[in-house]
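>>> have a look at this fold, sequence not included:
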């Protein structure tokens, strides 16, 4: 029998010296020249980043953001010898459905916080559905969660930690929801130990189904999706190639330069969100800089990138076999702008791997759906679990 979890309350308090050093580094940035051609085509736009960093140094109020983050009930628990940070917010009325929400990269637990009021008190927001006890952990090596000093901290490894966390919190049955790496972890929670799982809800498809010998032929829609997906990754694969092979080398620069860190992270938020090329229309500067600042003050960009080495490197890459199928009821919210040029997967593609009970095409929103369209996503989560 496993020992009970040691759980301690947690609040964020970053030392003033760290913030002062950050501002000084921003002011001393050595800027490259502007890339010719269309803005953002060769990476993060120089003028955008200059304006944002000027605000980061002289206008951004980290203490105000810290207070907002600390309004959530936060804790740390020791799991397999490492400290894992998480938010735990209970349903405002009655017994909530336990639900663990998992973010991805380059994100933090803050991306998921906009979902909390909708899920813990749905009636107050006009949502006809159950309330939830929400658990939002920071992935190992992100923010205030430690990462084990070993290789192979992959989907399966974290899925086991999350089962341990939920059961340690006293939940014998629970659901899981996630996007990006969070979708992969939620999937493997259901594959590795389906018994306690009520259901799985995904905001994008992270794990490709088995399509080898013995599988049914691809439909025309699946063929089209695979071709467009391959074309997209041919152009977009650069960041993933280096993070899955040499994350440590990249980490020296990103951990030392606020400009480099912001450029690396925000290029993905620009490209993957449903922002029509304008981040300022979709997200506030304070929200984006809170995300980047969390990586900076915890010095976790390098450890976060090891997720790619541990999941995508050929030494660790997981390939599903023909017998692997998620029998746990699954709901999928289909955000067409998850990767704008990747195309939208057809339902039959998802049904190769999942017991799809709910499939919801969304009118707007992208890869960072919890921050982009929290109410749309929360309504779909509530409807899915109500149907179970």
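Looks like it came in fine. Note that the structure is a prediction, hence the values are computed from the model and not measured. Numbering: from 1, shown residues only.

>>> what pLDDT does residue 316 get?
At residue 316, the pLDDT value in this model is 73.

>>> just the helices from the stretch 251-388 of the chain, written as ranges.
258-272, 279-282, 285-298, 301-312, 347-350, 369-372, 374-386 (DSSP state H, counting those that start in this stretch).

>>> as a markdown table, the ones you listed with mean neighbour count, mean pLDDT and distance to residue 49 would be great.
Every C-beta, even on glycine, is put in place using the N, C-alpha and C of the backbone. A markdown table is the format used below for the helices of the stretch 251-388 of the chain (neighbours: other CB atoms under 10 Å; pLDDT from 0 to 100; distance: least, CB to CB, whole Å):
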| stretch | mean neighbour count | mean pLDDT | distance to residue 49 |
| --- | --- | --- | --- |
| helix 258-272 | 21 | 97 | 6 |
| helix 279-282 | 16 | 91 | 11 |
| helix 285-298 | 22 | 98 | 11 |
| helix 301-312 | 23 | 96 | 16 |
| helix 347-350 | 18 | 97 | 37 |
| helix 369-372 | 26 | 98 | 20 |
| helix 374-386 | 21 | 98 | 27 |
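
>>> mind checking which of those is nearest residue 79?
Nearest to residue 79 among the helices of the stretch 251-388 of the chain is helix 301-312 (15.8 Å), distances taken as CB to CB.

>>> worst-scoring helix or strand of this structure, pLDDT-wise?
Scoring the helices and strands of the chain by mean pLDDT, DSSP states H and E places helix 220-236 at the bottom, with a mean of 89.

>>> who are the packing partners of that helix?
If contacts are counted by 3 or more CB pairs under 8 Å, 6 or more residues apart in numbering; DSSP states H and E, helix 220-236 sits against helix 347-350.

>>> what packs against the helix it packs on?
Using 3+ CB pairs under 8 Å, 6+ apart as the test, helix 347-350 ends up in contact with helix 220-236, strand 354-366.

>>> in the least confident helix or strand of the chain, what counts as buried?
222, 225, 226, 228, 229 (16 or more other CB atoms under 10 Å).

>>> repeat that for stretch 152-161.
Residues 153, 154, 155, 156, 157, 158, 159, 160, 161 are the ones in stretch 152-161 that count as buried (16+ other CB under 10 Å).

>>> cool, and stretch 164-179?
By neighbour count with 16+ other CB under 10 Å, stretch 164-179 contains the buried residues 164-169, 171, 174-179.

>>> and the end-to-end length of that stretch?
Start and end residues of stretch 164-179 are separated by 20 Å (CA to CA, to the nearest Å).

>>> and what of stretch 26-46?
Using CA to CA, the two ends of stretch 26-46 sit 14 Å apart.

>>> identify the residues contacting it?
For stretch 26-46, contacts defined as CB atoms under 8 Å, 6 or more residues apart in numbering pick out 47-48, 50, 53, 56-57, 257-259, 262-264, 266-267, 270-271, 277.

>>> same deal with stretch 92-99?
Applying CB under 8 Å, 6+ apart, the contact partners of stretch 92-99 are 90-91, 119-121, 123-124, 130-135, 166, 169, 171, 173-177, 198, 381, 385.

>>> circling back to that earlier point, so which of the buried residues of stretch 164-179 sit within helices?
Of the buried residues of stretch 164-179, the ones assigned to helices by DSSP state H are 164, 165, 166, 167, 168.

>>> report the distance from the least confident helix or strand of the chain to the chain centre.
Relative to the centre of its chain, helix 220-236 is centred 22 Å away, using CA atoms, centre = their mean, to the nearest Å.

>>> what about the helix or strand immediately after it in the chain, distance to the chain center?
Proceeding N to C from helix 220-236, the next assigned helix or strand is helix 238-243, under DSSP states H and E. The chain centre lies 17 Å from the centre of helix 238-243; the measure is CA atoms, centre = their mean.

>>> ranges for the strands of the protein?
7-10, 74-79, 82-89, 97-102, 132-137, 174-178, 197-202, 326-337, 354-366 (DSSP state E).

>>> what helices and strands are in contact with the third one?
Think strand 82-89. Strand 82-89 packs on strand 74-79, helix 116-120, strand 132-137, helix 155-168, going by 3+ CB pairs under 8 Å, 6+ apart.

>>> how far does it sit from the chain's center?
On CA atoms, centre = their mean, the centre of strand 82-89 falls 15 Å from that of its chain.

>>> so how far does stretch 313-330 reach from one end to the other?
End to end - CA to CA - stretch 313-330 spans 28 Å.

>>> which residues does that stretch contact?
Here stretch 313-330 makes contact (CB under 8 Å, 6+ apart) with 151-152, 154-156, 187, 190-191, 194, 197-202, 207-210, 212-215, 244-245, 309-311, 350, 353-358, 388.

>>> ok, residue 33 - how many residues close by?
Neighbours of residue 33 under the rule other CB atoms under 10 Å: 6.

>>> again, but for residue 17
Neighbourhood size, residue 17 [other CB under 10 Å]: 8.

>>> all set, thanks.
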